[in-house]
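K.L.:
Fold the following.
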Amino acid sequence: MKRTTVLRKAIMERRAVTVVGCHDAFSARIVEQCGFEAVQISGYGLAAAVLGKPDVGLVQMKDVLDMTWNIVQAVKIPVMADVDTGGGNACNAAWITERLIAMGTAGMNIEDQIFPKRCGHMAGKEVIPADEMAGKVRACADVRDKMDQDFIINARTDCAAVMGLTEAIRRSNLYLEAGADLAFIDGIRTKADVERAVKEVQGPLSVNLMDAISGMKTELIPVPELAKMGVGRVSIPVASIMVVHKALVSFFRALKESPTGTLPGQTQWVTTFEEYTDAVGLKEYRAMEDHYLPRQRLEEKYQGEKKIVS
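P.N.:
Presented below is the predicted three-dimensional model:
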């Protein structure tokens, strides 16, 4: 079954399928290895991974597409891309949609912010007119219908913070009518707001979740409760980059503060080398060497190891 078909089926079942965020190919592989059904590329995470900068529209679309290609090739589960405002107007958004479908992406997020955009949980967001965004969605939907009708267009509105939930619901329905498959009200705040949106939005709803201690705006609601409400998708978009940030800061601070400059015996900081090489697929490449390389070359390469493939 195509990855687009797998993702569409899961979302349309409205069982709050959890789509975890990644910021690069490695974090996507970990998401897959931990058993999640699909992965969402985090624009917030890409900005940090590529530039070490905040998510305020600094990452070039070419870099977004390059990183997306790497992530799609790294995993077998469906991948949803984040193309922010679509790279420009409706014509740009249509071209981006072509590229994403051609590279095997299963879906994408596109939002109604003014460029340069910013992370949905930051202050200072501005949105374009609703009919302009609807035109972008129509352009993307026309490409989807020609290339792969199962490709998911997730239309995000960022107007809730500045215009209120009623307008966010109106815009969501306008974008769904224009051809979006999924509606995403970013920055929605409470369980009651989510319940209202599920009832009034005329299509599957996507909800972002992160622990409130992390400074996110949406109330932390258990996923089984969201499934009972009929939410289509749950995204945990910035998890990987924030986990990595905390782990790196904690480790390197401990290393800097160590009087010896080392951390002997403190194995809690790191995975084992074997666990890491397993995660990135080294065994598969060693097996390929054993299958294709001449035996003499293998013996020379690995200096007579009895077990060539480890």
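
K.L.:
Give me the number of neighbouring residues for the residue nearest to A90 when sequence neighbours are not counted.
P.N.:
Counting by CB to CB, 6 or more residues apart in numbering, A90 lies nearest to A139, which is 3.9 Å off, once chain neighbours are set aside. Where you see a C-beta, it was placed from the backbone N, CA and C, and this is true even at glycine. The burial count assigned to A139 is 22, neighbours taken as other CB atoms under 10 Å.

K.L.:
what residue ranges in the stretch 51-200 of the chain score low on pLDDT?
P.N.:
116-124 (pLDDT under 70).

K.L.:
Would you map the strands across the protein?
P.N.:
Secondary structure of the chain (DSSP state E): strands at 17-22, 38-41, 79-82, 107-111, 152-157, 182-185, 205-208, 233-236.

K.L.:
Just send these back as TSV, with mean neighbour count and distance to L176 too.
P.N.:
Rendered in TSV, the data for these read as follows (neighbours: other CB atoms under 10 Å; distance: least, CB to CB, whole Å):
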stretch	mean neighbour count	distance to L176
strand 17-22	25	18
strand 38-41	28	19
strand 79-82	27	17
strand 107-111	26	13
strand 152-157	26	7
strand 182-185	26	6
strand 205-208	26	10
strand 233-236	24	14
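
K.L.:
could those strands be laid out in CSV, adding distance to T97?
P.N.:
What follows is the strands of the chain, written out as CSV (distance: least, CB to CB, whole Å):
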stretch, distance to T97
strand 17-22, 19
strand 38-41, 15
strand 79-82, 10
strand 107-111, 7
strand 152-157, 8
strand 182-185, 14
strand 205-208, 18
strand 233-236, 19
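
K.L.:
for those strands, which one sits closest to A254?
P.N.:
When those are compared by CB to CB, strand 17-22 sits nearest A254, at 26.0 Å.

K.L.:
can you tell me which residues contact the closest residue in space to G281 that isn't next to it in sequence?
P.N.:
Sequence neighbours aside, R29 is the residue nearest to G281 in space, at 7.9 Å (criterion: CB to CB, 6+ apart). Counting by CB atoms under 8 Å, 6 or more residues apart in numbering, R29 touches 74-75, 279-281.

K.L.:
can you redo those as a markdown table with distance to V19 and neighbour count?
P.N.:
Listed next are those as a markdown table, based on distance: CB to CB, whole Å; neighbours: other CB atoms under 10 Å:
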| residue | distance to V19 | neighbour count |
| --- | --- | --- |
| A74 | 16 | 19 |
| V75 | 12 | 20 |
| A279 | 21 | 13 |
| V280 | 23 | 14 |
| G281 | 23 | 12 |
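
K.L.:
Restricted to helices, list those residues.
P.N.:
Among the contacts of R29, the members falling in helices (DSSP state H) are 74, 279.

K.L.:
picking that back up, thinking the residue nearest to A90 is in contact with A93, fair?
P.N.:
Yes. A139 lies in contact with A93 (CB atoms under 8 Å); the separation is 5.5 Å.

K.L.:
now the helices for this structure?
P.N.:
Secondary structure of the chain (DSSP H): helices located at 3-12, 25-33, 43-46, 61-74, 90-102, 130-147, 160-163, 165-177, 191-200, 223-229, 239-257, 273-279, 282-292, 295-301.
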